[in-house]
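Participant: with the sequence up front, the predicted model follows.
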Amino acid sequence: MPYYYSYNSGGILLVLVCAVFAMWASANVNSTFQKYSKQNSIRRITGAQAAQRVLSANGVYGVRIDRVSGNLTDHFDPKTNVIRLSDSVYHSTSTAAIGVACHEAGHAVQYAVGYGPIKLRAAIIPVTNFGTKIAWPLMLVGVLLSSMSYAFYNLVYVGIACFSLSLIFQLITLPVEFNASNRALAAIEDGQLLTDDELVGAKKTLRAAALTYVAAAATSLAQLLRLISIYGRRRRD
């Protein structure tokens with residue numbers, strides 16, 4: 001029993017550390033974006049123009065670039081083939097805005113060239129969404145009904161398996177995001193959208209954004225390990 005509580009406390013600590021990391025990463029990306037939003041490019045290229053240049057340089061046409069409200073709400077919608085840039089990116093000439101805009105254009109290029117990980121991520125989204133919705137109810141029902149028949153405890157493991165889909169999604173997301181950033185930075189350099197000094201701001205902005213995905217994957221892994229340690233130990237006990 002003492003071993004169980006020690007192991008359980010370690011699991012809680014791991015989850016808390018990952019949660020703090022995730023909060024720090026979120027705050028860091030906001031502060032980094034704000035910092036380099038004040039650094040305007042000497043070529044005065046806007047985020048929307050930069051995204052269009054990335055598309056054109058990669059031979060990708062027919063992708064619309066729209067403005068969307070909010071802060072850091074930038075994304076590429078493959079269903080409508082539209083890049084949506086936030087108010088702080090669309091018209092901005094800052095190095096941060098150009099980095100973010102080119103990153104989203106990188107996602108559009110990924111779809112256009114059939115980049116494997118992004119196609120896989122898109123394919124598992126419906127399964128992942130369904131799995132994460134039913135994971136906790138399955139575990140709860142499994143625990144409650146196990147008093148009637150221990151066979152019902154298998155529902156707990158089904159629930160954990162469903163929860164693990166979120167981790168799989170996060171792990172697939174990592175190469176997708178890193179690749180989009182690499183495409184963005186390569187396009188910025190090749191197209192000379194920013195000077196070498198300005199490129200530093202775009203790199204730091206994208207690096208900060210990437211850490212949020214690393215933090216999300218770490219948090220999902222910590223939660224999964226904790227669930228396995230709790231319910232796996234209960235069954236053995």
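Facilitator: Thanks, I have the structure now.
Participant: and for the closest residue in space to residue 58 that isn't next to it in sequence, the neighbour number?
Facilitator: Leaving aside its chain neighbours, residue 58 sits nearest to residue 109 (4.6 Å; criterion: Cβ to Cβ, 6 or more residues apart in numbering). Every C-beta, even on glycine, is put in place using the N, C-alpha and C of the backbone. By other Cβ atoms under 10 Å, 24 other residues sit near residue 109.
Participant: swap in residue 188?
Facilitator: If you count neighbours by other Cβ under 10 Å, residue 188 ends up with 25.
Participant: helices and strands around the strand or helix carrying it, which ones?
Facilitator: Per DSSP states H and E, residue 188 falls inside helix 154-190. Applying 3 or more Cβ pairs under 8 Å, 6 or more residues apart in numbering; DSSP states H and E, one finds that helix 154-190 makes contact with helix 47-57, helix 95-113, helix 116-145, helix 196-236.
Participant: any idea which of these scores lowest on pLDDT?
Facilitator: Mean pLDDT per stretch puts helix 196-236 lowest among these, at a mean of 89.
Participant: can you name every helix or strand that that one contacts?
Facilitator: Under the contact criterion of 3+ Cβ pairs under 8 Å, 6+ apart, helix 196-236 touches helix 2-36, helix 95-113, helix 116-145, helix 154-190.
Participant: so who does the residue nearest to the spatial centre of the chain touch?
Facilitator: With distances taken as Cα atoms, centre = their mean, residue 213 lies nearest the centre of the chain, 4.1 Å away. By Cβ atoms under 8 Å, 6 or more residues apart in numbering, the contact set of residue 213 is 170, 173-174, 177.
Participant: which of those are buried?
Facilitator: Those of these that meet the buried threshold are 170, 173, 177, by 16 or more other Cβ atoms under 10 Å.
Participant: find the nearest non-adjacent residue to the second one, please.
Facilitator: So that's residue 173. residue 213 is the one closest to residue 173 (Cβ to Cβ, 6+ apart), at 5.7 Å.
Participant: and the last one, by the same measure?
Facilitator: Once flanking residues are discounted, residue 177 sits nearest to residue 213: 5.1 Å by Cβ to Cβ, 6+ apart.
Participant: can you give me the neighbour number for the nearest residue to residue 200 once chain neighbours are set aside?
Facilitator: Excluding its sequence neighbours, the residue lying closest to residue 200 (Cβ to Cβ, 6+ apart) is residue 95, at 7.8 Å. When neighbours are defined as other Cβ under 10 Å, residue 95 has 28 of them.
Participant: could you do residue 135 as well?
Facilitator: Neighbours of residue 135 (other Cβ under 10 Å): 20.
Participant: check the gap between it and residue 157 for me.
Facilitator: From residue 135 over to residue 157 the distance is 11 Å, taken as Cβ to Cβ, to the nearest Å.
Participant: export the buried ones among the contacts of residue 213 to CSV and tack on pLDDT and distance to residue 56?
Facilitator: Output for the buried ones among the contacts of residue 213, formatted as CSV (pLDDT from 0 to 100; distance: Cβ to Cβ, whole Å):
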residue, pLDDT, distance to residue 56
170, 96, 32
173, 97, 27
177, 97, 23
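Participant: can you name the farthest residue from the center of this protein?
Facilitator: What lies farthest from the middle of the chain is residue 148; by Cα atoms, centre = their mean that is 41.1 Å.
Participant: name the SS class of that one, please.
Facilitator: At residue 148, secondary structure determined by DSSP: H, G, I helix; E, B strand; the rest coil is coil.
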